[in-house]
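K.L.:
Task: produce atomic coordinates for the following.
(3 chains)
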Amino acid sequence: MSEPMGEPAIEPALTPPLTPGQIRGRRQWPLPKQADPAAPLLQVRNLQTYFKLGSGWVKAVDDVSFGLTDGEALGLVGESGCGKTTTALSLVRLLPTNGRIRGGSVELFGIDLVAKSDLALQRYRWREISIIFQGAMNALNPVIQVRRQIAEPIRYRLGQSEAASQKRAEELLDLVGIPSRRLGAYPHELSGGMRQRAMIAMALACDPAIVIGDEPTTALDAMVQAQILQLLEQLRRELGLSLILITHDLSVVAETCDRVLVMYAGRVAEEGPVARVFTEPRHPYTRKLLGAFPNIRSDRRTLETIPGEPPNLLNPPPGCRFAPRCPQVMPVCTEVVPPEAVFADGVRVACHLYETPVHETPA
Amino acid sequence: MSATISVASARSQRWRLRGTRLRTFAARYSGRKDGMLGLVVLAAFTVLALAPDLFVGPLETATRATAHAFDAPSAQHFFGADDLGRDMLNRTVHGARISMTIGLLATVITLVFGVVVGLVAGYSGGLVDNVLMRVADFFLVLPTFVLALILAPVLIEVVGADAEFLGIRATLLVIVVVIGITSWAATARIIRSQTLSLKQRMFVDRARVVGVGPGRIILRHILPNVVNLIVANAVLTFATAVLTETTLSFIGLGDPFQPSWGQILNGAQSSGAAGLGAWWMIAPPAASVVLVILAFTLMGNALDDLLNPKARTRQ
Amino acid sequence: MTELLRLTGLEVHFPVRGSVLDALRRRPRRVVRAVDGIDLAIERGEVLALVGESGSGKTTTGRVIVKLTSQTTGSIVFDGQDVSRLWGTRRLRDYRRRVQCIFQDPYETLDPKQTIHDFVGEPLEVNHVGSGAVERETMIMGSLEAAGLRPAADFAFRYPHELSGGQRQRAVIAGALVLNPQLVVADEPVSMLDVSIRTELLRLMLDLRRERDLTYLFITHDLSLAWVIADRIAVMYLGKIMELGPAEQIISAPRHPYTAALVSVAPSPEPPAAGERAKRTILVGETPDAAAIPPGCRFHTRCPLVFDRCRTDEPPLIDVGAGQSAACWLAEPGPGTAR
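P.N.:
Numbering: from 1, shown residues only, chains lettered A, B, ... in the order given. Here you go, the predicted model:
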């Protein structure tokens, strides 16, 4: 065959990923003053975020713990209303007015962000933790040129000069693959894929420690989605991006992430390396979820269904929240909240099926 | 037969649902302090307007006057008396009847024209929309006062000066017609723009696919979805109508035999009440106008907040 | 199998409103060719998936079939009857009873001021189906139960906002089925729903097909979804069908480079093995503007296998056997094949 098969995908072997030490080393801005250089990048412990609704509290996120190390990509997956977006937005407390963090801690470089006042937290928003929003059209201001919008956080969050921030914005747009002739474009003049690229450039503007992607490819066509995922992969390798990806699309996680956190009804169902969890799911919910995903590389018409609907989080069932829909439900499931069982391959599962074997204590 | 029962139950269910919707709306409305204040004030004026004779006796005329000219407020005449010795309280209460009836009629005209034109123009689109909206534009720019001045003699000539309609004499009818003519276009524009956006919604497409004709789509699918807008708009239109009526009567287009608030103010002005320091001839009708308009505006805003689905999600 | 619906030479063009400046310069009015020459037959009882990215014209094709948009040229023959020129509520009544649709967003498809009962009952009322209130009531409740809203009485008198996403889409399905149609055009019926609810609805649609002898035109942007539900798949690009054939063959042996690229990037929850990524064909750039369709093969600007002929001659749908055909010069048999 003489013709090349399109643009070759990024070959992982070509650019080895950066090590955690290199990632902190290439930061252009110093760590926050209180930062503990030896602390892990992010450690979330027993996070509880509730929403006030009429008479009661909706337990949107209930006792969720996870960590993220430098250069790692974590996928938060689950169905709508499972609390994945709320978990991620709780990190920088970008919650609706009726939302409250009722407990737990969020430690970035060992600094607890939950204890910070709103004003003190400002320093971390966008500068340390930035977000790629789902609807780029809504997240971008329609009457301001894309380049200026990207320069804005550089100028105001980092205090750079007008010229320097404009120049940096141009570099970023080049990095995400927006041709230089489109620099002066307004959001509506860009296609959906280009807008999402601009959104990514904006998230990278302050060289943040963590980028949160909130369904970054959901509204895009298959081919454009593949292009954006390719870009994220490339950025991870070149910049050592630490990524938290919120999505309902398991294929996006399989494609982009190192580890995956499966949430159901505000709780962690299963967490572990993508390669382990997706090939050998242990929680019945994870199994069902994977089985329900249409996959042209497996058998046709053997799709799993999950009868019933997720519980109302104003008044969740006691015990395991998946129990009412679980095919392997046992009497204990409806009464006792399942503890987390940790396996040797780094997977932890909150399910009574795995209670008996003695595993290592959670890290 | 179970099917027969279910037909009956379908009917009763429908009524039950309507009842529940009304009750929940009432509960939400009663939670609005401003809206409730407006409602109470308006209810009071409505009671006065419905049966003025019950509270202050029949309308006093020059021959039936009970006080002396320019009497100041006293125990017998709370609001004093005017230049012909007529009790101001009596006249103000009777004025409520005239002012509010005119407001109501003008609102009905405005809504009927505005809603029909808005729905038809918005749903039809194309040439029909263009023609109707150019007509609306024409009425939108007509100056109310000039129109009233020109229309008054014409209309009186046509219907005759003694003609009556719902107890309203021809001269006042001019005011009703003028307010209707000048304000329907604004309503039509609002309804049209809402119709345009509703027409794009999937449920209208779906109705077309199952074979629903345009008339039924407008009546069953578009209209119920603009009712909120119509109610909120009606209340605000009513307030404007009362104000316009007052102004037109004040500049002399009213009927001296049917004292609306504007007409009373006009009388006070021409008898030189302001110069004589007879403030009581001006204050009662003026305060009434202000109170009624304020009440309507409060209600209108409360209704707008409660009925507008976009505003609701903001809460 | 016999043919239920045939589209011949279907074209739908929309004029673009130019700026005042364009009008002053007397530039010709631009035309978006949303659908640009489609020939397609749907067999009785099959599920045909129409797959394409946004701007491929798949939704417009569906809207033309359900008579929401008028075609510029071309004909629509349904069950032997030419319905291309049929318009107006009354003249379309018979067709409307036999061809129904399910839209993407169930919340948008349901009138917020209408109960589920009235939503399902309206088609019966306006088409004068059923001999009276009793019979209609039975049909409404039967349809709700068939769509999985059981017991129907619990759901019938609710408003759309009182239902969950899955229940809403079931109500939409009930509303489409109440007329007992032969053809259902389903435009992305499950793309707004969560994965677990999605499979239940797909299964429901397939069960209903068996029970009621339905034929589906399933419009989607998701190739793997099409593969799960469809008997045949038609792949659209910029208003034209690029490839058409049995679902398994389209996935396992695509003959058009565009289909091949779509198959290679199709989402899968299996973590890619090392080296597998390199086999993927991620097309560069974006779908061209439908108002400026490239000459020759419309895919040639992004095709990894492009050669000279593609730039000048537009390939027809070439039969490659086993019911599969591809609009690509590479599919042409005999000498002169570029391979």
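
K.L.:
The longest helix anywhere in chain B: which residues count as buried?
P.N.:
Counting residues, the longest helix found in chain B (DSSP state H) is helix B:88-124. Using 16 or more other Cβ atoms under 10 Å in any protein chain shown as the test for burial, helix B:88-124 gives B:88-111, B:113-115, B:117-124. C-beta here means a position set from N, CA and C on the backbone, and glycine is covered the same way.

K.L.:
Let me know the average pLDDT across stretch C:211-225.
P.N.:
The pLDDT scores in stretch C:211-225 average 93.

K.L.:
Go ahead and flag the most central residue of chain B.
P.N.:
residue B:238 (2.4 Å; Cα atoms, centre = their mean).

K.L.:
Just the pLDDT for the nearest residue to that residue once chain neighbours are set aside.
P.N.:
What sits nearest to residue B:238 in space, not counting adjacent residues and going by Cβ to Cβ, 6 or more residues apart in numbering or on different chains, is residue B:107, at 4.7 Å. Listed pLDDT for residue B:107 reads 91.

K.L.:
need the contact list for residue 254.
P.N.:
This is for chain A. Residue A:254 makes contact with A:274, A:278, C:268, C:269, C:270, C:271, C:272, according to Cβ atoms under 8 Å, 6 or more residues apart in numbering or on different chains.

K.L.:
I was thinking of chain B, sorry if that wasn't clear
P.N.:
Counted by Cβ under 8 Å, 6+ apart, residue B:254 has contacts B:171, B:172, B:175, B:248, B:260, B:262, B:263, B:266.

K.L.:
In helices, which of these appear?
P.N.:
The members of the contacts of residue B:254 that map onto helices under DSSP H are B:171, B:172, B:175, B:248, B:262, B:263, B:266.

K.L.:
Which residues are in contact with the residue lying closest to the fifth one once chain neighbours are set aside?
P.N.:
Once its chain neighbours are removed from consideration, residue B:262 has its nearest residue in residue B:249; the separation is 2.7 Å (Cβ to Cβ, 6+ apart). Contacts for residue B:249 (Cβ under 8 Å, 6+ apart) come out as B:175, B:260, B:261, B:262, B:263, B:265, B:266.

K.L.:
Confidence-wise, which of those comes last?
P.N.:
residue B:175 (81).

K.L.:
ok, it - contacts?
P.N.:
Applying Cβ under 8 Å, 6+ apart to residue B:175 gives the contacts B:102, B:106, B:148, B:244, B:245, B:248, B:249, B:253, B:254.

K.L.:
quick one: is stretch A:46-56 near chain C?
P.N.:
No - using Cβ under 8 Å from any Cβ of the partner chain, stretch A:46-56 stays clear of chain C, coming no nearer than 15.2 Å.

K.L.:
CA atoms only for that stretch - export them in PDB, please.
P.N.:
Extracted in PDB, the C-alpha atoms of stretch A:46-56 (Å, rounded to 0.1, in the frame of the first residue of the first chain):
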ATOM      1  CA  ASN A  46     -14.400  10.500  53.200                       C
ATOM      2  CA  LEU A  47     -15.800  13.400  51.300                       C
ATOM      3  CA  GLN A  48     -19.500  14.100  51.900                       C
ATOM      4  CA  THR A  49     -21.300  16.600  49.800                       C
ATOM      5  CA  TYR A  50     -25.000  17.100  50.300                       C
ATOM      6  CA  PHE A  51     -27.600  19.300  48.700                       C
ATOM      7  CA  LYS A  52     -30.400  21.000  50.600                       C
ATOM      8  CA  LEU A  53     -33.700  20.200  48.900                       C
ATOM      9  CA  GLY A  54     -36.900  21.300  50.500                       C
ATOM     10  CA  SER A  55     -37.100  19.500  53.800                       C
ATOM     11  CA  GLY A  56     -34.100  17.200  53.500                       C
END
